[in-house]
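K.L.:
Sequence isn't available, so here's the structure alone:
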Ligand SMILES: [Cu+2]
């Protein structure tokens, strides 16, 4: 009997804690269009927490990728190699997550736990045929997590 009497307040407390945790959680969903030559998120900032990036390649011609970098460097000032491709192991930045090789018309999703800070969203494809780094063509944009 004693156990049964205790059970209800305990269950209500647990439900309450889950509710409070859910309300406190930040994050959200960011839709991102990749295209020649830009990365276009539908918002420029989110609150810290679990962030879902829903990424679509709008082309019109090239395969793209989506890379999330945490950095205090400006979007156009990341460390690069001789071809202008971002050195993903370079100093002053950290790759948090990515979606590789999104075909034209295709979509991909990545969910990342993001801390407050400054980020850059970019495409780091190097095209051998065209001898061009998509990052240098303009596929990069600053993004803020508050
Ligand atoms: Cu690209």
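P.N.:
Structure's in. What do you need? No experiment lies behind these values; they were computed from the predicted model shown.
K.L.:
how about the helix or strand harbouring residue 54 against the ion, any contact?
P.N.:
Element membership for residue 54 (DSSP states H and E) is strand 49-59. No. Contact of strand 49-59 with the ion (C-beta under 5 Å from the ion) is absent, the minimum separation being 8.2 Å. Heads up, the C-betas are built off the backbone N, CA and C, glycines and all.
K.L.:
ok, now which ones touch the closest residue to residue 95 other than its chain neighbours?
P.N.:
Nearest residue to residue 95, sequence neighbours excluded (C-beta to C-beta, 6 or more residues apart in numbering): residue 88, at 5.0 Å. Each residue near residue 88 by C-beta atoms under 8 Å, 6 or more residues apart in numbering is listed here: 67, 69, 95, 124.
K.L.:
Which ones among the residues you listed map onto strands?
P.N.:
67, 69, 95 (DSSP state E).
K.L.:
is the second one in a bridge, and if so with what?
P.N.:
Residues in a beta bridge with residue 69, per DSSP bridges, are residue 95, residue 120.
K.L.:
Now for the most centrally placed residue in the chain: which residues touch it?
P.N.:
The centre of the chain sits closest to residue 68, judged by C-alpha atoms, centre = their mean, with a distance of 4.6 Å. By C-beta under 8 Å, 6+ apart, the contact list for residue 68 reads 53, 95-98, 110, 112, 114, 119-121, 143.
K.L.:
of all these, which two lie farthest apart?
P.N.:
Maximum pairwise distance among the contacts of residue 68 (C-beta to C-beta): 15.2 Å, between 110 and 120.
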